[in-house]
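Colleague: sequence isn't available, so here's the structure alone:
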């Protein structure tokens, strides 16, 4: 019974991903066929043409934009977030609880509810259609997650480590850089993965603020769906696979910390 | 009349470790039996097998005339008190106590009556509306006892219920359990690693070691007539001193030629090497150099215990402890002679450790 | 302090052995990531150039075949004049949103936009499009352009002779049908037996519905017709309005902006109910087909008739060859109305004047008869040049050209007032509800209410 | 002195958040009183006209209804499914880690992209779902993308596919946090399996499940990506608050009016966010208590 539930669900949930692989290997015509074409070699001749189209077309450029934006914002987020978490973890700051709540609450903002003023502000700063614009927004958006996650990790690091360093004549700042940061490496890596995935997957801001240059992959995919001359499904499927494969790798890497990640570091899995 | 019978009950875990090697035990109705032994000796496993929380991999268990070896706990009519209380943290004391009644479908009104009864008996009436985490450890264990009592099971099983409590609470709660058991005449199997607790509570003590029963007997018998070196050492605080010696026709002879004891009559017993066991209270400490009998030793530690002292002395590498009156003082490094009282001497086989 | 010793040792060990090693590896991997990624990411980005006459121009248009043709024409222009022109194609689904989002910037990313006819009012009144009124009559022979196309694609308000665009792609909805099925003797006999008239390309909506019903055989994976019913942008409105007009309804009075009494009349309700009936003779999902899907269900061979823009017909002709025929949309008695399509060239008002002049130069060149003759040879390149349209050469050049030329006499358009987008969204949403099963009259009334409110709000209503 | 240093660590982050979160929030309110448009140009103050339009707009009420319906149904199904899966996955078996990791993948995937792909699967004509149903003997398979009763359900289905793993993950943590000896005590107490589930498992998991539901609800209320991909922003039966905002701001190009809509949405979201942050703080202190 147990195994029936587990494997039944795994099958149902996994099939779409399997079909994705299959679709990416099909010729275009086979994807819109009204009969069920399941077996490569029997129902259709598998081809890598979709991947060829993908990498000779504009896809690498969009992928590049996605990488630049996600990686840069992640680095910024982790650095700012770690410092902030350290401050709240180690210093009795006035109103620190309220500040932490404030930081967390920014996470729940629906992008579409603030996009209009952001757009107006960005136009003043000449930031639409730039990598920097999205990098800043994603950093702001992910900071709350980074601060809360990192605070959980830093709280777990015994104060004795820094106290030893302080006794040995290091300044607070040095102690932070040379004791806490190396100690919190796992935490920073986990936080980075969550920020990276969040920035990688974002669509609302990306679509409304970057539609000409610095277009990210999700925005490009959404555009392909509006293609009036037939949607190139194998290319989309192949692109989706290429686009989500790093996420799958990261999910496997941080699986032990997933629970922490989804509960803002409050539940330690 | 035997109420609970364990017949070659054994437990081997899936990974091959043997926790219990075929235990035989018969407990009479209304008897308070304590399973005593160091941690890892299989006493808790045995208890859990009796409860049905653990499945016996060999032998059979008979409860009130019925073979229960393969029955689930719910069909054995037992109450169990856990070391860590195991109170349901989200339920109030009242609901915790009512839980076993609810499970067997006791009507609502009767539940309330019985909860009040048992709460009064255990002395937790004022705590009925509290949640477990608001109680002290002792009170939590009291509630846990009450919960094991409320269904009026015919067998109480207690897994080190006092283990996590501090000394004062421990003593009073121990007395309380004793009193409850006597009053309700519930057959009780009680697990502990604390030999004082065992002595204090038990009708009979079962000493276990390495998955086997080493000795079963009344506290006095266990204390005074240990059947093995293990039992002798484990029971009593501190445990028995052991001195290697040779038994000759003249008495017990030490390696340095001195005697531990001189026989006044010819003995027909087997002669040869033995281990002499003497409890600390049977060792007298003398400073009289002319003493012919006894061990020569150097004082290394003097522990003041209030009504007595424990004097630790070293006799050429052999560490001995003597219990002496609190008024008797010896300087560290002083030479003393430890003289065993003839009455307190027990002999053990140097190879098997069995009592001779 | 007892605990401090091992801690300190560990701390120093870490410092000595690992810190610098890890830090250097981290920096190195960052450097690698960025060098591999930034190069393609930034290298391909077009750099905004300075305002000189020969600098390249950018045209924004939707992503479809005509835009490819325009690029080819533009390449010819580059060869002739040295001004390079890039046609940037945007998927139809987000074309409108992207163009107007871009108009909000201080400078637009494009010089020319080939904007939808409905956009004229917005572009004209919001200062987004350059006013071409004084320039166009001198630059292009307006007399040689089909008047319906000129007024609908270039003027705001229509018929005012105020020009905000010049002709680029002229388009209309047409009928593509499976000629092979229509000429099949067995089908012809069966049709005759059932409807007591010969099977022919429908000339009226009633005939159209009969033919659609006749060919609708879902069990054989064969369907009657495909209409434009998509909810993404304007497909639904374009598909429905020709039925609406043909049945005697309309979107409203263009003079007073009254909508009640035009859109919620019994005729209009009948039109919507008829339109809904047509979707029941369609393939699965026929109540939500965007341009691409209408094309898909026809080119995959499952549908007998499809009503969509002529711009898609070259694709259809290429894929189905002689199996397909093309015709003018059906009428309803005297009334014959066809949805206008196509877009005109508009010059962005948010670029420097010299660039505007350069853009105008290209537009004028494009509209010379010589270039127009090249334009019609491109895939889906449709002209509004009356002489070319009338020429036998044009009519014979493709299986659909004749039908196209004939369709232009009947074209009408959706509102092109500045608030057209709100009108469109409201119409599409409620028409969608009606196709999904809501009461036709209630849906039309809801549109009428909302449209009048929008007009009122925009200060147009009289 | 110490404190000043502490502030130095946190102030960059706080400033960043104030500039890019609080400032837009405030300007959203200001914009809500203007008639500014997406294409820029001149604008003027219109007083409370935008706000009164929001409250009189049936589209807004419908979007609130759709959003709430979507949130309630999606979160409830995800919670139930995730919890059932967690019950099945709770005990150890060979390959558990592998299968768990596999199950968790969908929640990390980009919704906008997966929505497009699901749209492909849902297609009534060539979508694999209906092809399978048809092959399975269903002659008129449901029209996921066009049937008004199913469109929202299709979005819910994809959301469930993506987010049930989230509930699974949290449920597993909840189940894992229940001490084993409580189950033993219940067994001794003769509780039936159903009673154990109802009186022990469920109530002890409840706080974590509640937190999970709140977290998911705040996400589901923002639902945008999937609706955009599956039905587009302008479909009567799936228009959520976020897609309505998109429609007003970008398609209709009414930035001022959109800002007014956004303000009203934000009031709802902020109320919910306060609830969630409280719950998280409680969870954090409860966990800290456990550790001690």
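Modeller: Looks like it arrived, so ask away. Note that the coordinates shown come from a computational prediction; the quantities given were computed from them, not determined experimentally. Numbers count the residues shown, from 1 in each chain, chains lettered A, B, ... in the order given.

Colleague: so what's residue D:222 up against?
Modeller: In this structure, residue D:222 makes contact with A:108, A:110-112, D:242, D:269, judged by Cβ atoms under 8 Å, 6 or more residues apart in numbering or on different chains. Bear in mind the C-beta positions are built from the backbone N, C-alpha and C, glycine included.

Colleague: what do you get if the cut-off is 7 Å, keeping everything else the same?
Modeller: The contact partners of residue D:222, taken as Cβ atoms under 7 Å, 6 or more residues apart in numbering or on different chains, are A:110, D:242.

Colleague: cool, and residue B:284?
Modeller: B:339, B:341.

Colleague: tell me, how many residues neighbour residue 60?
Modeller: Unless you meant another one, I'm taking chain A. Here the number of neighbours of residue A:60 (other Cβ atoms under 10 Å in any protein chain shown) works out to 16.

Colleague: chain C is the one I meant
Modeller: Counted by other Cβ under 10 Å, the residues lying close to residue C:60 total 24.

Colleague: surely it is within a helix?
Modeller: No. The secondary structure assignment for residue C:60 gives strand rather than a helix, going by DSSP: H, G, I helix; E, B strand; the rest coil.

Colleague: break chain C into its domains for me.
Modeller: Under the assignment named as automatic domain parsing, the residue ranges that make up the domains of chain C are C:9-172+C:341-412, C:173-340.

Colleague: make JSON lines out of those domains and add mean pLDDT and distance to residue A:203.
Modeller: Formatted as JSON lines, these follow (pLDDT from 0 to 100; distance: least, Cβ to Cβ, whole Å):
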{"stretch": "domain C:9-172+C:341-412", "mean pLDDT": "83", "distance to residue A:203": "12"}
{"stretch": "domain C:173-340", "mean pLDDT": "94", "distance to residue A:203": "16"}
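
Colleague: for the stretch 101-250 of chain D, what spans make up the helices?
Modeller: In the stretch 101-250 of chain D, the segments counted as helices under DSSP state H, counting those that start in this stretch are D:111-122, D:128-135, D:148-176, D:180-188, D:193-196, D:202-221, D:225-230, D:241-246.

Colleague: can you tell me the SS state at the closest residue to chain C within the stretch 51-200 of chain A?
Modeller: Chain C sits closest to residue A:64 of the stretch 51-200 of chain A, with a gap of 3.4 Å, by Cβ to the nearest Cβ. Look at residue A:64: counting by three-state DSSP, its state is helix.

Colleague: distance of it relative to chain B?
Modeller: Residue A:64 sits 53 Å away from chain B, taking Cβ to the nearest Cβ, to the nearest Å as the criterion.

Colleague: cool, and residue A:50?
Modeller: As judged by Cβ to the nearest Cβ, residue A:50 and chain B stand 50 Å apart.

Colleague: quick check: the nearest residue to residue D:83 once chain neighbours are set aside vs residue A:213, distance?
Modeller: Of all residues not flanking residue D:83 in the chain, residue D:171 sits nearest, at 4.6 Å (Cβ to Cβ, 6 or more residues apart in numbering or on different chains). With the distance defined as Cβ to Cβ, to the nearest Å, residue D:171 ends up 44 Å from residue A:213.

Colleague: so which strand or helix has residue D:41?
Modeller: Secondary-structure assignment from DSSP states H and E places residue D:41 in no helical or strand segment.

Colleague: and the residue of the stretch 251-400 of chain C nearest chain D?
Modeller: Closest contact between the stretch 251-400 of chain C and chain D, by Cβ to the nearest Cβ, is at residue C:284 (3.4 Å).

Colleague: quick one, phi/psi of that residue?
Modeller: For residue C:284, the backbone dihedrals (degrees, to the nearest 10) come out as phi -60, psi 140.

Colleague: tally of neighbours for it?
Modeller: Other residues near residue C:284 come to 22 when the count uses other Cβ under 10 Å.

Colleague: repeat that for residue D:206.
Modeller: A count of nearby residues for residue D:206, using other Cβ under 10 Å, gives 12.

Colleague: picking that back up, roughly how far apart are the residue of the stretch 51-200 of chain A closest to chain C and residue A:245?
Modeller: Using Cβ to Cβ, residue A:64 is found at 16 Å from residue A:245.

Colleague: contacting residues for residue 144?
Modeller: In the absence of a named chain, chain A is used. With Cβ under 7 Å, 6+ apart as the criterion, the residues that contact residue A:144 are A:103-104, A:106-107.

Colleague: look at chain B instead
Modeller: Applying Cβ under 7 Å, 6+ apart, we find residue B:144 in contact with B:81-82, B:85-87.

Colleague: again, only this time at 10 Å
Modeller: B:79-87, B:96-97, B:122, B:132, B:158, B:161, D:185 (Cβ atoms under 10 Å, 6 or more residues apart in numbering or on different chains).

Colleague: burial count for residue A:195?
Modeller: Using other Cβ under 10 Å, the number of residues around residue A:195 comes to 28.

Colleague: lowest mean pLDDT among the helices and strands of chain A, which one is it?
Modeller: For chain A, using mean pLDDT, DSSP states H and E, the weakest element among its helices and strands is helix A:28-31, scoring a mean of 82.

Colleague: pull the residues that contact it.
Modeller: Against helix A:28-31 from outside (Cβ under 10 Å, 6+ apart): A:22-24, A:37, A:40, A:43-47, A:49-50, A:53, A:230-237, C:299-300, C:319, D:120, D:123, D:126, D:128.

Colleague: contacts only, for the spatially closest residue to residue C:110 that is not a sequence neighbour.
Modeller: In space, not counting the residues next to it along the chain, residue C:110 is nearest to residue C:60; the distance is 4.1 Å by Cβ to Cβ, 6+ apart. By Cβ under 10 Å, 6+ apart, the contact set of residue C:60 is A:212, C:67, C:86-90, C:95, C:98-99, C:102, C:108-115, C:348.

Colleague: repeat that for residue C:289.
Modeller: C:226-231, C:235-236, C:239, C:279, C:282-283, C:295-297, C:306, C:308, D:125, D:146.

Colleague: who does the helix or strand containing residue C:306 pair up with?
Modeller: Here residue C:306, judged by DSSP H and E, is contained in strand C:303-309. The strands beside strand C:303-309 in its sheet (DSSP bridges) come out as strand C:166-178 (antiparallel), strand C:223-226 (parallel).

Colleague: buried stuff in the last one?
Modeller: Using 16 or more other Cβ atoms under 10 Å in any protein chain shown as the test for burial, strand C:223-226 gives C:223-226.

Colleague: in chain B, where's the longest helix?
Modeller: Among the elements of type helix in chain B, defined by DSSP state H, the one spanning the most residues is helix B:167-184.

Colleague: buried sites along that helix?
Modeller: In terms of neighbour count (16+ other Cβ under 10 Å), helix B:167-184 has its buried residues at B:169-170, B:173-174, B:176-178, B:180-181.

Colleague: that helix: how far from the chain's middle?
Modeller: Relative to its parent chain, helix B:167-184 has a centroid offset of 15 Å by Cα atoms, centre = their mean, to the nearest Å.

Colleague: domains of chain A?
Modeller: By the assignment in automatic domain parsing, chain A contains the domains A:13-47, A:55-263.

Colleague: pick out the residue of the stretch 201-350 of chain B closest to chain A.
Modeller: Closest point on the stretch 201-350 of chain B to chain A, by Cβ to the nearest Cβ, is residue B:211, at 33.4 Å.

Colleague: dihedrals phi and psi, that residue?
Modeller: Main-chain torsions, residue B:211, degrees, to the nearest 10: phi 80, psi 10.

Colleague: check it and give its pLDDT.
Modeller: pLDDT for residue B:211: 89.

Colleague: show me what the longest helix of chain B is packed up against.
Modeller: Using 3 or more Cβ pairs under 10 Å, 6 or more residues apart in numbering or on different chains; DSSP states H and E as the contact test, the elements touching helix B:167-184 are strand B:32-36, helix B:108-122, helix B:137-150, strand B:155-159, strand B:187-192, helix B:195-201.
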